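K.L.:
generate coordinates for the sequence data below:
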Amino acid sequence: MRSFLTPLLAVMAVAVLVAPSASLAAQSDQDREGVRRAALDYIEGFYEGDSTKLVRSIRPEVTKFGFHRQDAAAAYGNSPMSFQQMMDYARRVRSSGRGAPDGAPKQVRILDILDQTAAVKVTAFWGTDYIHLAKYDGKWMIVHVLWQTPNT
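P.N.:
Just a heads-up that it's a prediction; the model follows:
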């Protein structure tokens, strides 16, 4: 009798351990894709001048703040940007027909995802952005951006 119960208990223990991790992995994959898509919509919205992508990925109460300089010898200037200024920028890109340069980087590196918040590092032609996102009604949205131009 004992030889029958030992393998059965082992199988049951493995099933209990594996079942929750499978559902967590599925949720994590869905969250990971939602975070990645929001970050790509952000980059592509600016690159293409597509305000629809920006609206889809950015909360209206977003705070964006950046440090920029023209060259390595120049001092950094700073620039805040509101949601409305982001929309205006995208419209200017669209109307001018001058989007991102050919081969512009579009890198998204997910730093951390929790159940309600996430952090992402984005590399684009304008520099590096550190982005905080939050989940609203099941959708990942950008709430804060801190960026700087390349330090070359």
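K.L.:
alpha carbons only for contacts and neighbour counts from here, please
P.N.:
Fine.
K.L.:
and the helix or strand hosting residue 118, what does it pack against?
P.N.:
Secondary-structure element containing residue 118, defined by DSSP states H and E: strand 117-124. The contact analysis (3 or more Cα pairs under 8 Å, 6 or more residues apart in numbering; DSSP states H and E) places strand 117-124 against helix 2-48, strand 107-113, strand 127-136.
K.L.:
out of those, name the one with the poorest average pLDDT.
P.N.:
Among these, helix 2-48 has the lowest mean pLDDT, at a mean of 67.
K.L.:
and the next helix or strand past it?
P.N.:
Following helix 2-48 in sequence, per DSSP H and E, is helix 51-57.
K.L.:
starting at the chain centroid, how far to the helix or strand just after that next one?
P.N.:
As assigned by DSSP H and E, the chain's next helix or strand after helix 51-57 is strand 58-68. In terms of Cα atoms, centre = their mean, to the nearest Å, the centre of strand 58-68 is found 13 Å from the chain centre.
K.L.:
stretch 104-111 now?
P.N.:
That offset, for stretch 104-111, works out to 8 Å (Cα atoms, centre = their mean).
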